[in-house]
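Q: show me how the following folds:
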Amino acid sequence: MKIALDAMGGDFAPQAAVAGALQAAEQLAGRATIVLIGQEDAVRPLLQAAGPAGAALEFVPATQIIDMGEHPARAFQQKQDSSIAVGYKMLLAGEVDAFCSAGNTGAMLVGAMLTVKAVPGVIRPAIANFVPKLRQTFGILLDVGANAECKPEMLEQFGELGSLYAQYVLGIENPKVGLVNLGEEEGKGTPLTQAAHQLMKVNPHMHFVGNLEGRDMFNDKADVIVCDGFTGNILLKMAESIYEVMEEKQLHDPFFDKFNYEAVGGSPILGINDNAIIGHGRSTPRAIGNMLVQGFNMAESGIVDQIKATFKT
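A: I've put the predicted structure just below:
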């Protein structure tokens with residue numbers, strides 16, 4: 001198996017990318033090869049400095065970089081030899097089994113839609129993230145930013161996508177799916193959430209447990225938390241701030257340590273025809289390494305095939 005990494009993506013690239021790749025390569029030794037994509041004069045010296053461990057990584061040159069501030073669609077279309085564009089071309093060609101980047105989030109989404117494309121039947125792919133749970137490791141939250149405005153049918157599909165990921169990648173049997181809302185009662189919420197609730201409660205592809213309030217994010221009421229991308233992004237950034245406050249106050253606890261974005265490394269794009277993960281722009285080597293391991297776990301689980309099978313029916 002081969003897991004590709006955009007070596008030029010992120011605030012601390014390429015140094016953090018190479019260091020994270022080395023960590024992941026050690027962890028995945030004998031099971032997967034890490035493929036770095038980037039500018040040769042920037043990446044090659046770092047691989048050489050790493051000695052035999054660096055020589056064990058594969059390298060694919062890409063002459064261009066999509067910067068964080070660039071317009072995603074325009075940059076992706078104009079920079080076809082960028083590390084993100086080359087990564088998606090390799091993914092589409094089957095040369096790698098997953099592609100990870102801590103680079104421009106919009107360009108990663110555009111690249112997914114223009115190259116590997118959405119699974120037939122999926123209205124809009126979602127970006128998922130991981131929510132620490134009190135009595136298990138993590139649940140899954142989606143959407144966290146790909147779709148700021150949603151239709152009820154999209155929220156229903158997010159429940160299906162999240163349920164499949166929770167089952168096949170996180171190993172949660174019969175995952176519970178909940179809908180973020182203003183109250184627990186079925187009639188609560190906006191016209192959007194009320195309509196989505198009616199769809200989700202009769203959907204045979206998920207174990208829907210009803211509405212979730214904000215206080216239910218970290219308890220065990222649901223394994224899969226569904227919301228629009230606007231709400232999800234706010235929840236995600238709020239959760240990240242909890243860890244930052246704990247660090248500033250020098251308070252440490254195993255549960256709150258899971259709020260550190262480095263712990264899981266990245267956010268998978270669910271509903272596309274292959275495995276792609278978006279990392280935090282300020283990803284450290286630890287975050288990069290965990291993102292690559294997550295890419296391996298996705299590829300090994302066959303999650304994309306499960307999604308295709310579900311939406312084919």
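Q: which secondary structure element contains residue 136?
A: For residue 136, there is no helix or strand it lies in under DSSP states H and E.
Q: and it, how far is that from residue 129?
A: Using C-beta to C-beta, to the nearest Å, one gets 16 Å for the distance from residue 136 to residue 129. Placement of C-beta: from N, CA and C, glycine included.
Q: which of the two has more neighbours?
A: Taking other C-beta atoms under 10 Å, residue 136 and residue 129 do not tie; residue 129 has more neighbours (25 against 12).
Q: list the residues that contact the most far-flung residue of the chain relative to its centre.
A: For the chain, the residue at maximal distance from the C-alpha centroid (C-alpha atoms, centre = their mean) is residue 187, at 31.8 Å. Taking C-beta atoms under 8 Å, 6 or more residues apart in numbering as the criterion, residue 187 is in contact with residue 194.
Q: just name the shakiest helix or strand of this structure by mean pLDDT.
A: Lowest by mean pLDDT, DSSP states H and E among the helices and strands of the chain is helix 254-257, with a mean of 88.
Q: which residues are contacting it?
A: So helix 254-257 is contacted by 132, 134, 242, 243, 246, 263 (C-beta under 8 Å, 6+ apart).
Q: the second one - how many residues pack around it?
A: I take that to be residue 134. 8.
Q: same deal with the fifth one?
A: By other C-beta under 10 Å, 16 other residues sit near residue 246.
Q: for residue 42, which non-adjacent residue is spatially closest?
A: Spatial nearest neighbour of residue 42, chain neighbours left out: residue 14 (5.0 Å); criterion: C-beta to C-beta, 6 or more residues apart in numbering.
Q: ugh, typo on my part, it should be residue 270
A: residue 161 (4.3 Å).
Q: and that neighbour, how many neighbours?
A: Burial measure for residue 161: 30 neighbouring residues, criterion other C-beta under 10 Å.
Q: which parts of the helix or strand encompassing it are buried?
A: Residue 161 belongs to helix 152-168 when elements are defined using DSSP H and E. By neighbour count on 16 or more other C-beta atoms under 10 Å, the buried set for helix 152-168 is 152, 154-168.
Q: picking that back up, quick one: secondary structure of the residue farthest from the centre of the chain?
A: coil (DSSP: H, G, I helix; E, B strand; the rest coil).
Q: show me what the helix ranked longest in the chain is packed against.
A: Ranked by residue count under DSSP state H, the longest helix found in the chain is helix 229-248. Packed against helix 229-248 by the contact rule (3 or more C-beta pairs under 8 Å, 6 or more residues apart in numbering; DSSP states H and E) you find strand 126-132, strand 138-142, strand 176-180, helix 254-257.
Q: got phi/psi on residue 34?
A: Residue 34 adopts backbone torsions of phi -90, psi 130, taken as degrees, to the nearest 10.
Q: what's near enough to touch it?
A: Applying C-beta under 8 Å, 6+ apart to residue 34 gives the contacts 2, 3, 4, 5, 21, 24, 25, 28, 57, 58, 292.
Q: for the second one, report the pLDDT, please.
A: The predicted structure scores residue 3 at 98 on the pLDDT scale.
Q: isn't there a strand covering it?
A: Yes. Secondary structure assignment places residue 3 in a strand (three-state DSSP).
Q: returning to what we had before: can you add distance to residue 101 and give the helices and strands packed on helix 229-248 back as a markdown table?
A: Output for the helices and strands packed on helix 229-248, formatted as a markdown table (distance: least, C-beta to C-beta, whole Å):
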| stretch | distance to residue 101 |
| --- | --- |
| strand 126-132 | 13 |
| strand 138-142 | 19 |
| strand 176-180 | 28 |
| helix 254-257 | 25 |
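Q: can you add pLDDT and give the contacts of helix 254-257 back as TSV?
A: Below are these laid out as TSV (pLDDT from 0 to 100):
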residue	pLDDT
132	92
134	89
242	90
243	89
246	92
263	85
